[in-house]
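1. Can you look at this prediction? I've put the sequence above it.
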Amino acid sequence: MEQVLVGSVLSALSTGVGALPILFFKAVTHRWRDILLAFTAGIMVAASTFSLIPQALEASNLMIVCLGVLTGTTALTLLESVIPHIDLEHSRMNISMDTQSLLILSAITLHNIPEGLSVGVSYSSEQTGLGGLIAFAIGLQNAPEGFLVALFLINQKVGRGKAFLLATLTGSVEIVSALAGNYLTSFVQGMVPYGLSFAAGAMLFIVYKELIPESHGDGHERSATFSFIVGLLAMVCLIQWFG
């Protein structure tokens, strides 16, 4: 449990680390934003397809893995129907600024729940080091996310200090969900393959629905594509060396 707590705290605090630069400057170029998003997308795809899914297959069978992945993607789809996605920089919703900021924070916070679950479940796996790898992958994904949330809040006339604090708090839900995921899989060992495949489905949903579209909206598709490949290969190397 101590390892789960440490891993979840580090991955959650990565959101705040990513938001830290907002205290010193207000803007980031579209090119670098897209490169960061694509890089973390590659990290998460590799973590899902080369760690989570193979481990789930080894501990169960193809039917359970397919069911878990589909359940993970369905769960995030339902979350989006409750908390609609709002483009971080191109929102066209005709609502008040404060309400819009609240919806942004709510959406990001809810999207962090399955990420925390994936960390907690991974620590229940029999593969040594898998939990740390997944926590690392989630942390990399959280850093640019924290920066973008803080940048959005700054653009909404929220003070820099408050924007940094709110962006950091959006990641704190991962600590609770990681502990919950680890507890459930430890209590019912047969839930581990379900949890691993669920987490893989949730991560792949985030990649394809959120990260890739966000990284291909400003004319930097080629740079983002190469960054995605580099991120994927970086995670494959980590899995090979430490997995």
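-> Received, thanks.
2. Once you drop chain neighbours, what's closest to N182?
-> G120 (3.6 Å; C-beta to C-beta, 6 or more residues apart in numbering). C-beta: built from backbone N, CA, C; applies to glycine.
3. What is the least confident helix or strand in the chain?
-> Lowest on mean pLDDT, DSSP states H and E among the helices and strands of the chain sits helix 97-122, with a mean of 65.
4. Output the contacting helices and strands for the helix or strand where A150 lies.
-> Element membership of A150, judged by DSSP states H and E, is helix 130-155. Helix 130-155 is packed against helix 2-19, helix 30-47, helix 97-122, helix 160-170, helix 221-242, with contacts defined by 3 or more C-beta pairs under 8 Å, 6 or more residues apart in numbering; DSSP states H and E.
5. Columns distance to Y194 and mean neighbour count on top of these, output as TSV?
-> Formatted as TSV, those follow (distance: least, C-beta to C-beta, whole Å; neighbours: other C-beta atoms under 10 Å):
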stretch	distance to Y194	mean neighbour count
helix 2-19	18	21
helix 30-47	18	24
helix 97-122	9	22
helix 160-170	26	19
helix 221-242	22	17
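6. Quick check: which of the ones you listed is nearest to A202?
-> helix 97-122 (3.4 Å; C-beta to C-beta).
7. I figured the residue nearest to N182 was touching M191, is that so?
-> No. G120 lies out of contact with M191 (C-beta atoms under 8 Å); the separation is 11.2 Å.
8. Mutual contacts of these two, please.
-> Listed as contacting both G120 and M191 by C-beta atoms under 8 Å, 6 or more residues apart in numbering are T185.
9. just to revisit the earlier point, now the angle from the helix holding A150 to helix 221-242?
-> 150 degrees (axes from the mean of the first three to the mean of the last three C-alpha atoms, to 10 degrees).
10. Could you give the separation of helix 130-155 from the chain centroid?
-> Between the centre of helix 130-155 and the centre of its host chain there is 7 Å, according to C-alpha atoms, centre = their mean, to the nearest Å.
11. Same check on stretch 31-41?
-> 13 Å.
12. Could you do stretch 205-215 as well?
-> For stretch 205-215, the gap between its own C-alpha mean and the chain's C-alpha mean amounts to 10 Å (C-alpha atoms, centre = their mean).
13. Going forward, the N-terminal residue is numbered 22.
-> Sure thing, new numbering starts at 22, so read that last one as stretch 226-236.
14. Could you give the average pLDDT over it?
-> Here stretch 226-236 scores 84 as its mean pLDDT.
15. In it, which residues are buried?
-> 226-228, 230-233, 235-236 (16 or more other C-beta atoms under 10 Å).
16. cool, and stretch 76-93?
-> So for stretch 76-93, counting by 16+ other C-beta under 10 Å, buried means 76-77, 80-81, 85-86, 88-90, 93.
17. Would you check that A171 makes contact with T36?
-> No. Judged on C-beta under 8 Å, A171 makes no contact with T36 at a distance of 9.1 Å.
18. what residues are shared contacts of these two?
-> A188.
19. just checking, M256 touches L73?
-> No. Assessed by C-beta under 8 Å, M256 is found out of contact with L73, at 11.6 Å.
20. Can I get stretch 137-148 in PDB, CA atoms only?
-> Only the C-alpha atoms of stretch 137-148 are listed here, as PDB (Å, rounded to 0.1, in the frame of the first residue of the first chain):
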ATOM      1  CA  GLY A 137      -5.600   6.900 -10.800                       C
ATOM      2  CA  LEU A 138      -7.400   3.500 -11.000                       C
ATOM      3  CA  SER A 139      -4.800   2.400 -13.600                       C
ATOM      4  CA  VAL A 140      -2.000   3.200 -11.200                       C
ATOM      5  CA  GLY A 141      -3.600   1.400  -8.300                       C
ATOM      6  CA  VAL A 142      -4.500  -1.600 -10.300                       C
ATOM      7  CA  SER A 143      -1.000  -1.900 -11.800                       C
ATOM      8  CA  TYR A 144       0.500  -2.200  -8.400                       C
ATOM      9  CA  SER A 145      -1.600  -5.300  -7.800                       C
ATOM     10  CA  SER A 146      -0.100  -7.000 -10.900                       C
ATOM     11  CA  GLU A 147       2.400  -9.800 -10.500                       C
ATOM     12  CA  GLN A 148       4.800  -8.100 -12.800                       C
END
